[in-house]
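K.L.:
coords below, sequence missing:
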């Protein structure tokens, strides 16, 4: 079976943004997303998930390149100045393209 | 010394000594749900014995106090601390709101010394949680230049998040359930919600010790001002709380608890709300103050101090 190319957008952010990021993903045309709790460290010191304020999430969105582009630009403009956010894009192969 | 404080100290020591001790996240979540519900239920059961009309004066005074406190903190943070507008407003909001766990330690302190207090005091915890946060956000917006506030606040969404946040739902829900069910209804649950309370609080304080000690390194640039601030502010606000308690007719125990509430700084509801409403504020400053300094100060020295001040004020 030949895989179809889509873009995987991964956003690692403060958990407090979860609802907003999920709403944004939908609004910008993503058909779905996956979110999980994570912990780690970066420019904004260690985020060890010990309590509410230091929790982080990772949101994965598989979508078309255009949607990924618009969504990631929006996240850059809207949140990156004030929140701890890491973001990366990758090309992935999917077997059911209508889902993404 | 109260064993609760010792549990807290154990957490602090373990963290500073870089122990690998860590309470599972799900347990932290469970314990905080339990504490909020238990405090709410206990207050609700007692509320059933009073009419709302008889409490409205005290309740109104408590809310007014919650509104006024950030207005006192803000100019100090701006003027003496030379903090940015957003940081000052955010910290003022944290100190205007309250910490439920500090309140729980206050209750345990009074119970151990057999000091009576108005049992409906948990109602004031719920009432005092929101005004401080709202004023903090307003302060940030009122004094902001248009360029700084280019992201407009969605007040409806924000109100939804604060009023339906975990702590408000559980506290108000517990109050409502206790109030509706009354003492006889809650009696079968006494074993879980009331008898185990202190043990659960001890476990939670162990976790808080770990978390608070982790925040101690948060002040690199403003420590010289913020550390004294985070100790002086609870003492000043505690005195205001005592005064309000005395003026509104609370007894010695009730006034000590109101002082404890006024002196405490929120570290659950406020950080989440401020992060969304004032994103430009640096959360390490406000959380470092509230959780790294004020919370440990209140549970170890602050509460005994407010009790002493209350004894002096009431001539006991």
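P.N.:
Perfect, thanks for sending it. No experiment lies behind these values; they were computed from the predicted model shown.
K.L.:
surely residue B:157 is in a helix?
P.N.:
Yes. Residue B:157 sits within a helix when classified using DSSP: H, G, I helix; E, B strand; the rest coil.
K.L.:
for it, give me its contacts.
P.N.:
Counting by Cβ atoms under 8 Å, 6 or more residues apart in numbering or on different chains, residue B:157 touches no other residue. In this view, the C-beta of every residue, glycine as well, is placed from N, C-alpha and C.
K.L.:
can you check the pLDDT for the residue in the stretch 201-316 of chain B positioned nearest to chain A?
P.N.:
Taking Cβ to the nearest Cβ as the measure, the stretch 201-316 of chain B has residue B:279 as its residue closest to chain A, at 3.7 Å. According to the prediction, residue B:279 has pLDDT 88.
K.L.:
so which helix or strand takes in it?
P.N.:
Counting by DSSP states H and E, no helix or strand carries residue B:279.
K.L.:
if I look at it, how far off is residue A:68?
P.N.:
Using Cβ to Cβ, to the nearest Å, we find residue B:279 at a distance of 24 Å from residue A:68.
K.L.:
just to revisit the earlier point, name the SS class of the residue nearest to the residue of the stretch 201-316 of chain B closest to chain A when sequence neighbours are not counted, please.
P.N.:
Setting aside the residues directly before and after it, residue B:279 is nearest to residue A:82 in space (Cβ to Cβ, 6 or more residues apart in numbering or on different chains), at 3.7 Å. Secondary structure state of residue A:82, per three-state DSSP, is coil.
K.L.:
now residue A:82: phi and psi?
P.N.:
Main-chain torsions, residue A:82, degrees, to the nearest 10: phi -110, psi -10.
K.L.:
circling back: neighbours around the residue of the stretch 201-316 of chain B closest to chain A, how many?
P.N.:
By the criterion of other Cβ atoms under 10 Å in any protein chain shown, residue B:279 has 19 neighbours.
K.L.:
tell me, what residue is most central in chain A?
P.N.:
residue A:11 (2.9 Å; Cα atoms, centre = their mean).
K.L.:
confirm for me that it is in contact with residue A:84.
P.N.:
No. In this structure residue A:11 lies outside contact range of residue A:84 using Cβ atoms under 8 Å: 11.2 Å.
K.L.:
follow-up on the earlier one: where's the residue nearest to residue B:279 relative to residue B:89, distance?
P.N.:
Counting by Cβ to Cβ, the gap from residue A:82 to residue B:89 is 14 Å.
K.L.:
more neighbours: the two, which one.
P.N.:
Using other Cβ under 10 Å, the more surrounded residue of residue A:82 and residue B:89 is residue B:89, with 31 against 17.
K.L.:
what part of chain A, helix or strand, is modelled with the least confidence?
P.N.:
One helix or strand of chain A scores below all others by mean pLDDT, DSSP states H and E: strand A:45-47, with a mean of 69.
K.L.:
report all helices and strands that the helix or strand following that strand contacts.
P.N.:
Using DSSP H and E, the helix or strand that directly follows strand A:45-47 along the chain is strand A:56-63. If you count contacts as 3 or more Cβ pairs under 8 Å, 6 or more residues apart in numbering or on different chains; DSSP states H and E, strand A:56-63 packs onto strand A:4-14, helix A:18-27, strand A:34-38, helix A:65-78.
K.L.:
can you say which of those is packed in most?
P.N.:
strand A:4-14 (a mean of 19; mean count of other Cβ atoms under 10 Å in any protein chain shown).
K.L.:
what's that strand packed up against?
P.N.:
Packed next to strand A:4-14, using 3+ Cβ pairs under 8 Å, 6+ apart, are strand A:56-63, helix A:65-78, strand A:85-94.
K.L.:
closest one to residue B:216 among those?
P.N.:
strand A:56-63 (21.1 Å; Cβ to Cβ).
K.L.:
ok, back up a step: what's the residue of the stretch 201-316 of chain B closest to chain A in contact with, if anything?
P.N.:
Neighbour list for residue B:279: A:79, A:81, A:82, A:83, B:151 [criterion: Cβ under 8 Å, 6+ apart].
K.L.:
do you know how far it is from residue A:47?
P.N.:
Relative to residue A:47, and taking Cβ to Cβ, residue B:279 is found at 16 Å.
K.L.:
next one: residue B:96
P.N.:
Separation of residue B:96 from residue A:47 (Cβ to Cβ): 26 Å.
K.L.:
which ones are touching the residue nearest the centre of chain B?
P.N.:
Geometric centre of chain B, nearest residue: residue B:99, 1.5 Å, by Cα atoms, centre = their mean. For residue B:99, the contact set (Cβ under 8 Å, 6+ apart) comprises B:264, B:265, B:266, B:267, B:268, B:290, B:295, B:298.
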